[in-house]
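K.L.:
My questions are about this predicted structure, shown below with the sequence.
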Amino acid sequence: MTDFQSELSGIAKAIEVALDEYLSAERLGGPGAPPDRLVAAMRHGSLNGGKRLRPLLVKQAAAVFGMEREQSLVAGLAVELIHCYSLIHDDLPAMDDDDFRRGQATVHKAYDDATAILAGDALLTHAFALLAGESCHADPAIRVRLVAELAAGAGAGGMVGGQMRDIEGESRGFSEGEIAQMQAMKTGALIRASVRMGAILGGADAAALTALTLYGEAAGRAFQLADDILDVTASAEAMGKATGKDAAAGKQTLVARLGVEAARKHLDGIIAEAIAALGAFGPEAEPLRATARYFGSRTT
Ligand code: GRG
């Protein structure tokens with residue numbers, strides 16, 4: 001196992017344990033008792049074997065400033081809750097209409113549409129409760145910055161806005177620049193926010209935050225491009241066809257425009273850009289470099 005693989009599997013285990021603990025009726029809080037069905041649907045949509053890449057990025061960016069895994073876990077968990085909520089809502093019939101996610105029935109299939117909407121809403125809300133709590137960071141000023149950062153990445157100018165642009169583009173078509181902008185918001189903004197949140201937790205100064213932001217933006221582009229390449233190549237291999245699910249559904253991606261070979265070259269360039277952004281940091285940024293390289297060679 002490489003250092004990267006063992007780090008990823010370590011954070012994945014830590015996040016599973018934390019999800020199990022925090023997504024319980026006792027820990028969810030509120031003036032009333034959270035309904036069992038809602039809690040079960042929230043757990044179904046999050047305790048289901050995701051890769052946990054976003055908490056990994058929070059941890060790795062915080063580690064640049066000497067923070068231990070435990071010190072960035074709650075912030076990483078908050079980002080993961082947002083990610084899980086987005087997947088639950090994205091799978092709904094009104095959006096992508098998917099029956100399976102992470103190898104099991106999607107939340108609306110296992111429960112129903114209304115429960116899936118509410119489970120997503122509750123995960124989204126709870127993410128901010130976690131960031132506001134003392135177990136996230138002792139300093140309230142840092143907690144407020146984390147709340148603002150995650151809200152910016154997840155909201156109308158970030159992930160949600162990107163999803164809206166994607167839906168709009170399906171009917172009217174996109175230029176290459178518009179695809180890049182949509183993807184930077186839809187998937188890139190949460191990856192960027194993850195890295196910046198780690199930097200904020202670690203007390204990064206302005207120059208370090210700028211460098212890590214550039215890394216986060218490049219990592220976000222790399223992640224999405226790798227995902228689009230995988231959609232074409234993995235599905236084509238599995239089904240003996242030339243296109244994957246998104247491509248078959250006519251999704252507008254850079255791979256569809258450039259072709260797989262040119263997209264792979266473009267991906268190599270983005271990985272180099274992400275690594276170059278870390279130039280001012282020493283060995284403490286090696287895990288972030290390894291993650292960038294992983295984005296360039298993903299097979300799942
Ligand atoms: C519905 C508000 C709302 C937003 C949806 C992120 C998103 C916006 C939709 C997801 C659509 C999708 C599958 C995009 C491809 C990139 C992506 C986010 C893949 C899933 O992320 P991974 O690979 O998944 O980190 P795991 O399951 O490992 O967490």
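P.N.:
Cool, the structure landed. Owing to the predicted nature of the structure, the values given are computational and were not obtained by experimental measurement.
K.L.:
what about the helices in the stretch 151-300 of the chain?
P.N.:
Secondary structure of the stretch 151-300 of the chain (DSSP state H, counting those that start in this stretch): helices located at 159-172, 176-183, 189-201, 206-239, 245-248, 254-258, 260-277, 286-296.
K.L.:
Need those helices in a markdown table (columns: mean neighbour count and distance to the ligand).
P.N.:
Just so you know, the C-beta spots here come from the backbone N, C-alpha and C atoms, and that holds for glycine as well. Listed next are these as a markdown table, based on neighbours: other CB atoms under 10 Å; distance: least, CB to the nearest ligand atom, whole Å:
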| stretch | mean neighbour count | distance to the ligand |
| --- | --- | --- |
| helix 159-172 | 16 | 4 |
| helix 176-183 | 17 | 9 |
| helix 189-201 | 28 | 7 |
| helix 206-239 | 20 | 5 |
| helix 245-248 | 16 | 8 |
| helix 254-258 | 19 | 12 |
| helix 260-277 | 17 | 14 |
| helix 286-296 | 20 | 10 |
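K.L.:
so can I have JSON lines of those helices showing mean pLDDT?
P.N.:
Below are the helices of the stretch 151-300 of the chain laid out as JSON lines (pLDDT from 0 to 100):
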{"stretch": "helix 159-172", "mean pLDDT": "93"}
{"stretch": "helix 176-183", "mean pLDDT": "93"}
{"stretch": "helix 189-201", "mean pLDDT": "98"}
{"stretch": "helix 206-239", "mean pLDDT": "90"}
{"stretch": "helix 245-248", "mean pLDDT": "60"}
{"stretch": "helix 254-258", "mean pLDDT": "87"}
{"stretch": "helix 260-277", "mean pLDDT": "96"}
{"stretch": "helix 286-296", "mean pLDDT": "96"}
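K.L.:
Out of those, flag the one nearest residue 19.
P.N.:
Judged by CB to CB, the one of the helices of the stretch 151-300 of the chain that comes nearest to residue 19 is helix 189-201, at 16.4 Å.
K.L.:
which non-adjacent residue is nearest residue 212?
P.N.:
Computed as CB to CB, 6 or more residues apart in numbering, the closest residue to residue 212 that is not its neighbour in sequence is residue 199, at 4.5 Å.
K.L.:
With adjacent residues omitted, what lies nearest to residue 188?
P.N.:
residue 220 is the one closest to residue 188 (CB to CB, 6+ apart), at 3.0 Å.
K.L.:
wait, the one you found sits on residue 186?
P.N.:
No - between residue 220 and residue 186 there is no contact under CB atoms under 8 Å: 9.6 Å.
K.L.:
quick one, what contacts residue 57?
P.N.:
Contacts for residue 57 were tallied using CB atoms under 8 Å, 6 or more residues apart in numbering; they are 191, 194-195, 198, 216, 219, 288, 291.
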